[in-house]
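In: Predicted model and sequence follow; I will ask about them next.
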Amino acid sequence: MGHLDHATFGWLTPVLSYAMACIGAALGLRCTVRALEATGTSRRNWLITAASAIGTGIWTMHFVAMLGFGVTGSDIRYNVPLTILSLLVAMLVVGAGVFAVGYSRDRVRALLLGGLTTGLGVASMHYLGMAALSLHGEVRYDPLLVGLSVVIAVVAATAALWAALNIKSPVAVAIASLVMGAAVSSMHYTGMLAVGVHVEPSDEALPGATAMQFIFPLAVGLGSYLFLTSAFVALSPTARERAAYASAERITEPAAEPAPASTAAVPTAAPTTP
């Protein structure tokens, strides 16, 4: 068995990955709150942004954590197409759950169905990302810990959607995001505890890209997307704020001046001659 190190850079990757999960969760919750206050295409656009934020945050959390993953006796490479596919899966399944909550009239049913779908999708993203990993040896999994990681993913996803429906204030969203980030990180590291590697030393070159060649630049790009989108959402007025601005403008708008009276001379009747 090869020795597995989940933090080759110390606490840097676990802390940074947790931060990415929290940022994605906070942004996704704020966008979902905006969506529930909007209608039409505006609601759809906010939900798409929420799905991309949560999905990106989860994916970035996973692969930033994987930057610190090492196996004694073997190099590690990543299959690029599978890694990108795992990102798309994360966004699509989170989108399915978010849209279910955003458009369904039966909120309880949407919450349960959306939480299950999203949780299974998050777990699929994790293990699809692990399938993209290539090393000299065989990767094995503890079925009990795999099952536990899936349960954690479903619970975390359901809690996230519940928070999107019931939490409105920025402070409450921030607290919920910290909890969600912890849940997503717990799911990841539970899944990683399920991993065992039987190393078979070899001089053969491994296919794929190294973490620094591919994972690191992509994670930096997606992290930048989260920060820029967070700034946009923070500066974008809510529906209530826009209504308040419009109401204030109507109140301060000066009353219309009355139309001036006509100054045209009124013709008088011509005098009659005697």
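Out: Structure received.
In: residues near the nearest residue to Thr158 once chain neighbours are set aside, how many?
Out: Spatially, and ignoring its direct neighbours in sequence, Thr158 is nearest to Gly115 (2.8 Å; C-beta to C-beta, 6 or more residues apart in numbering). C-beta here means a position set from N, CA and C on the backbone, and glycine is covered the same way. Gly115 has 23 neighbours, counted by other C-beta atoms under 10 Å.
In: From Gly181, how far out is Gly115?
Out: Separation of Gly115 from Gly181 (C-beta to C-beta, to the nearest Å): 17 Å.
In: Model confidence for the residue nearest to Thr158, exactly?
Out: On the pLDDT scale, Gly115 is placed at 84.
In: for it, what are its contacts?
Out: Contact criterion C-beta atoms under 8 Å, 6 or more residues apart in numbering gives Gly97, Val154, Val155, Ala157, Thr158, Ala159, Ala160, Leu161, Trp162 as the residues in contact with Gly115.
In: among the residues you listed, which ones are buried?
Out: Gly97, Val154, Ala157, Thr158, Ala159, Ala160, Leu161, Trp162 (16 or more other C-beta atoms under 10 Å).
In: Go ahead and confirm Asp142 touches Gly196.
Out: Yes: here Asp142 reaches Gly196: they are 7.1 Å apart, a contact under C-beta atoms under 8 Å.
In: pLDDT weak spots in the stretch 51-200 of the chain?
Out: Applying pLDDT under 70 to the stretch 51-200 of the chain flags no residue at all.
In: all strands in it, in order from the N-terminus.
Out: Ranges of strands in the stretch 51-200 of the chain, per DSSP state E, counting those that start in this stretch, are 70-71, 76-78, 133-135, 137-141, 195-199.
In: Quick one: list the elements packing against the fourth one.
Out: So that's strand 137-141. Under the contact criterion of 3 or more C-beta pairs under 8 Å, 6 or more residues apart in numbering; DSSP states H and E, the helices and strands touching strand 137-141 comprise strand 195-199.
In: quick one: buried residues of whatever helix or strand comes next after the strand it packs on?
Out: Past strand 195-199, further along toward the C-terminus, the next helix or strand under DSSP states H and E is helix 216-235. Under the neighbour-count criterion of 16+ other C-beta under 10 Å, helix 216-235 has Leu218, Ala219, Leu222, Gly223, Tyr225, Leu226, Thr229, Ser230, Val233 buried.
In: Let me see the contact set for the fourth one.
Out: Going back to what we said before, that points to Gly223. Taking C-beta under 8 Å, 6+ apart as the definition of contact, the neighbours of Gly223 are Met20, Thr60.
In: Next: the first one.
Out: Residues near Leu218 by C-beta under 8 Å, 6+ apart: Phe63, Thr83.
In: pLDDT score assigned to Ser224?
Out: Model confidence at Ser224, given as pLDDT, is 88.
In: Excluding chain neighbours, give the residue nearest to the residue most central in space within the chain in space.
Out: Nearest to the mean C-alpha position of the chain, by C-alpha atoms, centre = their mean, lies Ile54 at 1.3 Å. In space, Ile54 comes closest to Gly28 once its chain neighbours are excluded; the distance is 3.5 Å by C-beta to C-beta, 6+ apart.
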